[in-house]
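Participant: Next input, structure requested:
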Amino acid sequence: MRGGGLWQLGQSITRRLAQADKKAVARRCFASEAELKKTVLYDFHVAHGGKMVPFAGWSMPIQYKDSIMDSTVNCRENGSLFDVSHMCGLSLKGKDCIPFLEKLVIADVVGLAPGTGTLTVFTNEKGGAIDDSVITKVKDDHIYLVVNAGCRDKDLAHIEEHMKAYKSKGGDVSWHIHDERSLLALQGPLAAPVLQHLTKDNLSKLYFGEFRILEINGATCFLTRTGYTGEDGFEISVPSENAVDLAKAILEKSEGKVRLTGLGARDSLRLEAGLCLYGNDMEQHVTPVEAGLTWAIGKRRRSEGGFLGAEVILKQLEDGPSIRRVGFFSSGPPARSHSEVQDDKANKIGEITSGGFSPCLKKNIAMGYVKSGSHKAGTKVKIVVRGKSYDGVVTKMPFVPTKYYKPS
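Facilitator: Purely as a prediction, here's the structure:
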C-alpha cells in the first residue's frame, strides 16, 4: 500500500468537515472526484458514512462514522473489514512462470510448497525496491500475487517488459490481471470465526501465509491468510459482482463487532505492526537489506543470486548495509515523514519515514532510517519536529505484538 500520512490526513479531513461548509470542502479536497476510479463498494461505503478521499487514483474511504483511533482499537479487539480493491491482483501461468518470476524478486519461489506464499520485493538493477508484494504459489504453473495500487502502472510495465524478453527466448509464461475481482481484507480476532460462518471449508487448517480457492458466501474466492495489521486475518479476492453481498454478510455475521474500516486506521495498524508502506518506508533507492527485509531473501537466492540487483544486495549481506530501518518512541508531538533524526551532538544520523500517535499504545511511534552503528535498540536520539528537537529512543519492531495464526 502506497502513500503517506493517512492518519494525519484523516484527522485533518475530520476537522475540516466539522468546521467548514461541506460544499467548499468538496471543491477544495475532491475537485478531481470525477476522474477518480471507484471500487464496486463505493456506494456501499458512502451509504455507511465513509469519508471518501483521493488515494492512488481511486476514491477510497479514509474513515467512517467512528474515529480513526476507535477504529484502530476495534480492529485489535474485535475486527475490521477493509476494501482494498484498489490493489492489483494478477496471475502468472505457464511451466516457466516460476523461473521467470525469480528473475524479478528476492524470494525462493521454487522452495514454496503449493498453496503457500510469502512477502517479497521486486528489485531494480541497483538492488532498490520497485515494490513489495505478497506472492503465492498456487501450483507449479500458477503464481498469484498482489501489487500496490500506487505502483500498479510501473509494476505491470516492468513485468511486461521482462516477460516479452523472456518469451522471445522460448519461455512459457503468460499473465492475467484480475480486474474482474475485488479484494476485501478481514482482520482481527473475530476474522476467522466470522468467516467460518460463510464457508464449509475448515479455516482452522489454513495457517498464516497459506492460500486456498474455495466457496465463500456462494462465490468462488481466492483466500489468503495474511494482512497488513499484525492481526490474524484474511485477504479475500472475490468476483466483483459478489463483493457487496460478501461485505454485507461479514458485517451481519459479526453482529456489529466487525466494522468497516478506512485507510486511516489501516495506516496506524500497519505502523504499530512495524510494516513498511511503499513510497514512505521503501523506495526505488532503498534495498531490502536496508529495509530490514533480509529474512525475505531466500537462502538459495543468497548463494545463487539471479535476480535484478543481486550483486548489490549480496554484497550488503556480506558487508552490512550503511543504513538500517528502525523503530522509535519519541516525546513531544508525533514525528512525521522527513523529520530529522540526530545524535546527542545534533549531527544528522537519519530520517523518519512514518510516524504518528499509536491508538493502542497511547504514545508516539515512528520508523525511519539511521546510519549503521546508531541502529541498536536503546540508542538515544533527538527527533526534530517543526524546528524543535525532542527526545527519542531506537526500539525494536513490531511495536504491538503480532498475532498471526501459525501451527502450535
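
Participant: where exactly do the strands run in the stretch 301-408 of the chain?
Facilitator: Taking DSSP state E, counting those that start in this stretch as the criterion, the stretch 301-408 of the chain carries its strands at 323-330, 340-342, 348-358, 363-371, 380-385, 388-395.

Participant: now the stretch 1-150 of the chain
Facilitator: Under DSSP E, counting those that start in this stretch, the stretch 1-150 of the chain gives strands at 51-55, 58-63, 79-83, 88-93, 116-123, 129-139, 142-147.

Participant: Now do the third one, average pLDDT.
Facilitator: The one in question is strand 79-83. What strand 79-83 shows for mean pLDDT is 98.

Participant: what sits up against it?
Facilitator: The contact list for strand 79-83 (Cβ atoms under 8 Å, 6 or more residues apart in numbering) reads 39, 41, 45, 60-61, 71, 74, 182-191, 194, 229, 233, 247, 250-251, 254, 257-263, 265-266, 269. Placement of C-beta: from N, CA and C, glycine included.

Participant: Among those, name the ones in helices.
Facilitator: Residues of those located in helices (DSSP state H): 45, 71, 74, 191, 194, 247, 250, 251, 263, 265, 266, 269.

Participant: Narrow these to just the buried residues.
Facilitator: Neighbour-count burial (16 or more other Cβ atoms under 10 Å) is assigned, among the ones in helices among the contacts of strand 79-83, to 45, 71, 74, 191, 194, 247, 250, 251, 263, 265, 266, 269.

Participant: Against residue 243, how distant is the first one?
Facilitator: Yep, that's residue 45 we're talking about. Relative to residue 243, residue 45 is positioned 12 Å away (Cβ to Cβ, to the nearest Å).

Participant: what do you get for residue 391?
Facilitator: 47 Å.

Participant: returning to that earlier point: now the strands of the stretch 1-150 of the chain as a markdown table including mean neighbour count and distance to residue 342?
Facilitator: Formatted as a markdown table, those follow (neighbours: other Cβ atoms under 10 Å; distance: least, Cβ to Cβ, whole Å):
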| stretch | mean neighbour count | distance to residue 342 |
| --- | --- | --- |
| strand 51-55 | 20 | 32 |
| strand 58-63 | 25 | 32 |
| strand 79-83 | 26 | 36 |
| strand 88-93 | 20 | 39 |
| strand 116-123 | 23 | 29 |
| strand 129-139 | 22 | 26 |
| strand 142-147 | 22 | 36 |
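
Participant: I'd like to know which of those lies nearest to residue 406.
Facilitator: strand 116-123 (12.2 Å; Cβ to Cβ).

Participant: what's the spacing between the closest one and its chain's center?
Facilitator: In terms of Cα atoms, centre = their mean, to the nearest Å, the centre of strand 116-123 is found 12 Å from the chain centre.

Participant: tell me the mean pLDDT over that strand?
Facilitator: Mean pLDDT, computed over strand 116-123, is 98.

Participant: which outside residues touch it?
Facilitator: Under Cβ under 8 Å, 6+ apart, the answer for strand 116-123 is 104-107, 112, 129-137, 144, 147, 155, 158, 209-211, 224, 226, 282, 287-288, 291, 293, 296, 307-309, 313.

Participant: And for stretch 332-351?
Facilitator: 4-5, 8, 280, 323, 328, 352-357, 364, 366, 368-371, 374, 380-386, 388-392.

Participant: Buried residues in it, which are they?
Facilitator: 334, 335, 336, 337, 339, 340, 341, 342, 343, 349, 350, 351.

Participant: And the pLDDT at the second one?
Facilitator: Residue 335 is assigned 98 on the pLDDT scale.

Participant: Span of stretch 188-204 from start to end?
Facilitator: Stretch 188-204 has an end-to-end distance of 15 Å (criterion: Cα to Cα, to the nearest Å).

Participant: who's in contact with it?
Facilitator: 74-80, 186, 212, 214-217, 229, 231-234, 236, 246, 249-250, 253-254, 257-258, 403, 405.

Participant: Try it again at 7 Å.
Facilitator: Stretch 188-204 is contacted from outside by 75-76, 78-80, 186, 212, 214-217, 231-234, 249-250, 253-254, 257-258, using Cβ atoms under 7 Å, 6 or more residues apart in numbering.

Participant: Which helix or strand in this structure has the lowest average pLDDT?
Facilitator: Scoring the helices and strands of the chain by mean pLDDT, DSSP states H and E places helix 22-29 at the bottom, with a mean of 40.

Participant: tally of neighbours for residue 248?
Facilitator: Applying other Cβ atoms under 10 Å, we find 12 residues neighbouring residue 248.

Participant: which residue sits closest to it, ignoring its sequence neighbours?
Facilitator: Among residues not flanking residue 248 along the chain, residue 44 sits closest, at 7.9 Å (Cβ to Cβ, 6 or more residues apart in numbering).
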